[in-house]
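Engineer: this one's structure only:
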């Protein structure tokens, strides 16, 4: 089955710096990609959903890049602020799967 | 309002006791999931339900069973809980299994002593 590796497990940046979190996956047929944010003690909230057909997706304060050739998904937070401190999880899905495979998460700390 | 509700939020049980975790959603979603989250392991799928009485094992079903008698309600049952089932359990729902967004509940923190 699909294997999803997420790096780094912990990341600390200063306010205003950028932060990059990367997931690599193994199944070339993967089609759905998600980033979720989990604040301490809270549930997972969708940050962005990406389809295989779109390589660059922009949200408010972040960009998601999908490199299908390298099977790599990245989340780039531009100008991080303390409110971005949270755990971030990628998830990968496939039309043939009945599951989404999650990365192990990245704990991001933004230092004021 | 789109919501997944989990009860209880916190639960302490002794080893060997039975545990019932409940999950409800108000979105008429077909698909519902139970995940557990352990430090350093991310989310692991326990069971997935495609609709009423249509359930399938996930990656770690051993020691768990589920029940879905109404579309909006999905229960996770631990018969004779074990200490290694101490974890945070998340219920989620999605419109279908075909790449739709998962909506998560707030989680249940279970401690088995």
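Structural biologist: On my side now, so go ahead. The shown structure was predicted, so the numbers you read here are calculated from the model rather than taken from an experiment.

Engineer: tell me which residues in stretch B:56-63 are buried?
Structural biologist: B:58, B:61 (16 or more other Cβ atoms under 10 Å in any protein chain shown). Where you see a C-beta, it was placed from the backbone N, CA and C, and this is true even at glycine.

Engineer: end to end on it, go ahead and measure it.
Structural biologist: Its first and final residues considered, stretch B:56-63 spans 14 Å by Cα to Cα, to the nearest Å.

Engineer: ok, that stretch near chain A or not?
Structural biologist: Yes: interface with chain A: stretch B:56-63 contributes B:56, B:58-59 (Cβ under 8 Å from any Cβ of the partner chain).

Engineer: got those as a markdown table, with distance to residue A:87, pLDDT and secondary structure columns?
Structural biologist: Formatted as a markdown table, the residues of stretch B:56-63 next to chain A follow (distance: Cβ to Cβ, whole Å; pLDDT from 0 to 100; DSSP: H, G, I helix; E, B strand; the rest coil):
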| residue | distance to residue A:87 | pLDDT | secondary structure |
| --- | --- | --- | --- |
| B:56 | 27 | 92 | strand |
| B:58 | 21 | 91 | coil |
| B:59 | 20 | 89 | coil |
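
Engineer: quick check, nearest of the residues you listed to residue A:110?
Structural biologist: residue B:59 (32.4 Å; Cβ to Cβ).

Engineer: please, which helix or strand holds the residue lying closest to the closest one once chain neighbours are set aside?
Structural biologist: Computed as Cβ to Cβ, 6 or more residues apart in numbering or on different chains, the closest residue to residue B:59 that is not its neighbour in sequence is residue B:45, at 5.0 Å. Assigned by DSSP states H and E, residue B:45 belongs to strand B:42-51.
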